[in-house]
Structures are given as C-alpha cells and as structure tokens.
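can't give you the sequence, but here's the structure:
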Ligand SMILES: Cc1ncc(COP(=O)(O)O)c(C=O)c1O
C-alpha cells in the first residue's frame, strides 16, 4: 500500500451529496427533478453539425491547434457582439474564455481564497460553488434572502463584524438572476444597494449569471457588472443553460488586473480551452443560433414552470409551512415543507415512489435547509412533471398523515 501524502486541499475534498444522490435518480421509471439540465429535445443538433463542419473547412488549422489562453480571438469577438445583442457592453479585451463557469469558479478561488479566508455567499447557494470554494479552505458567511434576493441589511450586518475584526471578506459571491437553487431574482433596487455596500466596504463582487437570459416575461434586469462604475464586479457567463452544457464553454469578464491573474491561473490548469469547441461556438454565435436557442428555451421552460406550478397547486396539501417559489425565469423552483419533515430522510422513500429532487441542505454551508428541496422543471417532460408532482404530493401527505419517523 502506498502511503500517499495528500495536500491539505485534497483532504478538504469531499464527495458532494448531490452527485451521490443523483445516482439514485437514474433508476428506470424515476422522474427526476434533480439535475439542472436543459431539455435535450431542443438542442440545436443540425446547427451544431453545420457549424462543426464549417469550423474545420474554414478554420481547421486554428480549430485543431492550441489557442491563446485568453481565448480564440474570433470567439471573443463573437461573445462581445452577442453580449451587446443581449443589451450589455463587453469588449473582447475584457474577457477570458473558460471551460464553463465551474472552471471560472475554481480559477477565482485560486486567486482569492486562502485557508480560513472569509467570503460572503447567499443562503442558499449553488452547491458547485460551495464545493469549489471549500477546497481552498473558504470560511463561508451566508446572508439570508427573501423574494427580492439577498437582503442588504443582513449583508451589511455580516460584513461589519468581519471588517471590525480585521477579517475583511475576500469577495461577495452572488447569483442575481433566477438563482440556483431558489429561482429568485435580485430586484433592481437591491442591485444598486448591493453595489453601494460593496463600494462602502471596498469588496469585489463575483456575479455568477448562467440563467439571466432565461426570463419568461418582462425585460432583463441590468447585470451588476453593467451597473458597476468602479471595476469591482467579476462576471461569470456560460453557454451551459442557454445553449448546451456539453460544449463546456463560458467566459469571465473582469477588470484588467484580475484578468491578468486569471490568465496565469488558467495556464496552470489547462493552457487553454478547446480551440475546436471555441471555433464551432464562434460560428454559432455569428449566425445568432445562441440567440434563437434562448428564445426557444425560454418559451419551453416558461410552459414547464407553469405546468409544475399548476400541479403543485392542485396536488399539494394546503398547510402552514408548505409553500414554493414562483419563478419568473431560470430552471428551478424552491419548495419549503413543514419543519418536521426532513427532505434528506425522505429521499429514499421518494425514490421508492420513483420521483427525485435535490435536498435543501446541499445548498447551505451551515446545516440548514433540512425541510427544503429544489425542483427542476427544465429537464422532465410536461407529462413527467405532472406525474412526478403527484408522486411527491402523495409522499408529503403520507408524512403528514402518519407522522411516522422518516427512514434514515
Ligand atoms: C449558479 C451556477 N454557476 C455555475 C454553474 C456551472 O455551470 P457550467 O460549469 O456548466 O457553466 C451552474 C450549474 O448548474 C450554476 O447553476
């Protein structure tokens, strides 16, 4: 037996519960509200095939070669033009192409997090962020949210004692648009307030925004980055939710000093993102296929969200403590059960009922969220959504009726 001497980072790595639990949801006949997956029925197969052919025919020598760490210049120009079509300003020089936003999170952790460094997150927040930041030893400080997103008062009350004790947070991490997992959207007023607070305490903001464009109605809210006049917002974008996660393609928009360091951090990670995927993506963006895909996804997910909301309304018992969010966009809905119900303990029974969800506690760093769950509506079909919610409601009623101790 080799006596490996693992790094302190390796000792902090943990299997994420969510990935383990999601394995259960792959059982046949199980309807999964678990993953954060787009609907593969609408993937633009023909457009991707044509762009792939074009990438090789017209630019094969670049597509099959290493590319600059910053990203393939043709792609960067197309990302800038796409961003402009979405109503925001971005120049090719301000961005770094990454292998989707998960890599961006890891690179930002490399840049900003030392062991025990305080950072600020929303409660709840994206499980992959917790995983990426925890590996570097982050000391998480969670701030409560309500229907308008993170609460500025709570944020300030979290910042002050840290600053007063000489432990200024390294950054504030936010998912302002149709947040994962809660589906909540940060209001315009609060976007301004958060920026004011960040400025008062001189804190950078990491704005992670994979779902912004998936808004069902009304106009898009300006991103924090677009409202920032001080160069304190670092923005993560990805094609995973608005196009195809299989591309593993995203970008970080950041002020020059941060960008320079990110490029060096990425060099040590993978030298560059795939030039081939970059070239294919550039042609798809050039022909506005991503824009079209956004419209298609938005319409479909709006319909599916409505089906899920109607099924919940119809099937769930009307009792205190049982309620759910009503998303205006994105892929998720957040469900609160009465406090005596434990969604982790219930999951095995749910899988017996052949329905799956993600347990709430995965999205917290402090052990809360026991009676909460995340439901995804983008992946299952409309028919599956109805049947799955019926199954879930049956389980909830059973818990309520007999209040038997849940199986552990
Ligand atoms: C808020 C948030 N950030 C980042 C990611 C990672 O996405 P990807 O690496 O596919 O871009 C996800 C995926 O679910 C997410 O919800």
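That came through fine. Model, not experiment: these values are computed from the prediction.

can you tell me the helix or strand for residue 251?
strand 250-253 (DSSP states H and E).

and what of residue 207?
Going by DSSP H and E, residue 207 is in strand 205-208.

what about that strand, average pLDDT?
Summarised as a single mean, pLDDT over strand 205-208 is 98.

Same check on stretch 90-101?
97.

do the same with stretch 115-133
Here stretch 115-133 scores 96 as its mean pLDDT.

which of the residues in the strand holding residue 251 are buried?
Of all the residues in strand 250-253, those buried under the rule 16 or more other CB atoms under 10 Å are 250-253. Using the backbone N, CA and C atoms, a C-beta is placed for each residue, glycine as well.

Looking at these, which is nearest the ligand?
Using CB to the nearest ligand atom, residue 250 is the member of these that lies nearest the ligand, at 4.9 Å.

and the nearest residue to that closest one once chain neighbours are set aside, backbone torsions?
Of all residues not flanking residue 250 in the chain, residue 238 sits nearest, at 3.5 Å (CB to CB, 6 or more residues apart in numbering). Reported as degrees, to the nearest 10, the phi and psi values for residue 238 are phi -150, psi 150.

Tell me the pLDDT of the residue most central in space within the chain.
Centroid-nearest residue in the chain: residue 180, 5.0 Å away (criterion: CA atoms, centre = their mean). As predicted, residue 180 sits at a pLDDT of 97.

Helix, strand, or coil at it?
coil (DSSP: H, G, I helix; E, B strand; the rest coil).

That one against residue 212, yeah?
No - assessed by CB atoms under 8 Å, residue 180 is found out of contact with residue 212, at 12.0 Å.

Adding pLDDT and distance to the ligand, write the buried residues of strand 250-253 out as CSV.
Shown next, in CSV, are the buried residues of strand 250-253 (pLDDT from 0 to 100; distance: CB to the nearest ligand atom, whole Å):
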residue, pLDDT, distance to the ligand
250, 98, 5
251, 98, 10
252, 98, 11
253, 98, 14
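
State the pair within those residues that is farthest apart.
Greatest spatial distance in the buried residues of strand 250-253: 250 and 253, 10.6 Å, computed using CB to CB.

what is in contact with those two at once?
Shared contacts of residue 250 and residue 253, defined by CB atoms under 8 Å, 6 or more residues apart in numbering, are found at residue 237.

and the stretch 51-200 of the chain, which residues reach the ligand?
By CB under 6 Å from any ligand atom, the part of the stretch 51-200 of the chain that sits against the ligand consists of 100-102, 126, 128, 175, 180.

Looking at those, which two lie furthest apart in space?
100 and 175 (15.0 Å).

The two: who's more crowded?
A side-by-side neighbour count of residue 100 and residue 175, using other CB atoms under 10 Å, places residue 175 first with 28 against 20.

now the longest strand anywhere in the chain, how far from the chain's geometric center?
Using DSSP state E to define each element, the chain has its longest strand at strand 139-146. Averaging C-alpha positions (CA atoms, centre = their mean, to the nearest Å) puts strand 139-146 16 Å from its chain's average.

Give me the average confidence score over it.
On average, strand 139-146 scores 97.

which helices and strands sit right next to it?
Applying 3 or more CB pairs under 8 Å, 6 or more residues apart in numbering; DSSP states H and E, we find strand 139-146 packed against strand 118-123, helix 127-135, helix 152-164.

circling back: wait, what's in contact with the residue nearest to the centre of the chain?
36, 125-126, 210-211, 330-332, 374.

picking up where we left off before, from the buried residues of strand 250-253, which is closest to residue 282?
Residue 282 lies nearest to residue 251 out of those, by CB to CB, at 12.2 Å.

so what's the closest residue to residue 168 other than its chain neighbours up against?
Ranked by CB to CB, 6+ apart and with sequence neighbours excluded, the top spatial neighbour of residue 168 is residue 162, at 6.4 Å. Residue 162 is in contact with 118, 141, 168-169, counting by CB under 8 Å, 6+ apart.

now with 10 Å?
Residue 162 sits next to 118-120, 139, 141, 168-169, 201, 203 when contact means CB atoms under 10 Å, 6 or more residues apart in numbering.

same check, this time on residue 301
Listed by CB under 10 Å, 6+ apart, the contact partners of residue 301 are 38-39, 42, 178, 211, 214, 216, 241, 327, 329-331, 376-379.

and if you look at residue 47?
Contacts of residue 47 by CB under 10 Å, 6+ apart are 243, 280, 283-284, 287, 289-290, 292-293.

now with 8 Å?
Contacts of residue 47 by CB under 8 Å, 6+ apart are 284, 287, 289.

Quick one: buried ones out of the residues you listed?
Burial by neighbour count, 16+ other CB under 10 Å: within the contacts of residue 47 this picks out 284, 289.

The contacts of residue 47: which ones sit near the ligand?
Near the ligand, taking CB under 6 Å from any ligand atom as the test, no member of the contacts of residue 47 is found.

what's the spacing between residue 333 and residue 181?
Per CB to CB, to the nearest Å, residue 333 is found 9 Å from residue 181.

of those two, who's got more company?
Using other CB under 10 Å as the criterion, residue 333 and residue 181 rank with residue 181 on top: 29 against 22.

Surely the more buried one touches residue 123?
No - here residue 181 lies out of contact with residue 123, judged by CB under 8 Å, at a distance of 10.8 Å.

buried ones in stretch 383-399?
For stretch 383-399, a neighbour-count test (16+ other CB under 10 Å) marks 384-386, 388-393, 395-396, 399 as buried.

pLDDT, distance to residue 7 and secondary structure added to those residues, as JSON lines?
Formatted as JSON lines, those follow (pLDDT from 0 to 100; distance: CB to CB, whole Å; DSSP: H, G, I helix; E, B strand; the rest coil):
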{"residue": "384", "pLDDT": "97", "distance to residue 7": "43", "secondary structure": "helix"}
{"residue": "385", "pLDDT": "98", "distance to residue 7": "44", "secondary structure": "helix"}
{"residue": "386", "pLDDT": "98", "distance to residue 7": "48", "secondary structure": "helix"}
{"residue": "388", "pLDDT": "97", "distance to residue 7": "42", "secondary structure": "helix"}
{"residue": "389", "pLDDT": "98", "distance to residue 7": "45", "secondary structure": "helix"}
{"residue": "390", "pLDDT": "97", "distance to residue 7": "48", "secondary structure": "helix"}
{"residue": "391", "pLDDT": "97", "distance to residue 7": "44", "secondary structure": "helix"}
{"residue": "392", "pLDDT": "97", "distance to residue 7": "42", "secondary structure": "helix"}
{"residue": "393", "pLDDT": "97", "distance to residue 7": "47", "secondary structure": "helix"}
{"residue": "395", "pLDDT": "95", "distance to residue 7": "42", "secondary structure": "helix"}
{"residue": "396", "pLDDT": "95", "distance to residue 7": "44", "secondary structure": "helix"}
{"residue": "399", "pLDDT": "87", "distance to residue 7": "43", "secondary structure": "helix"}
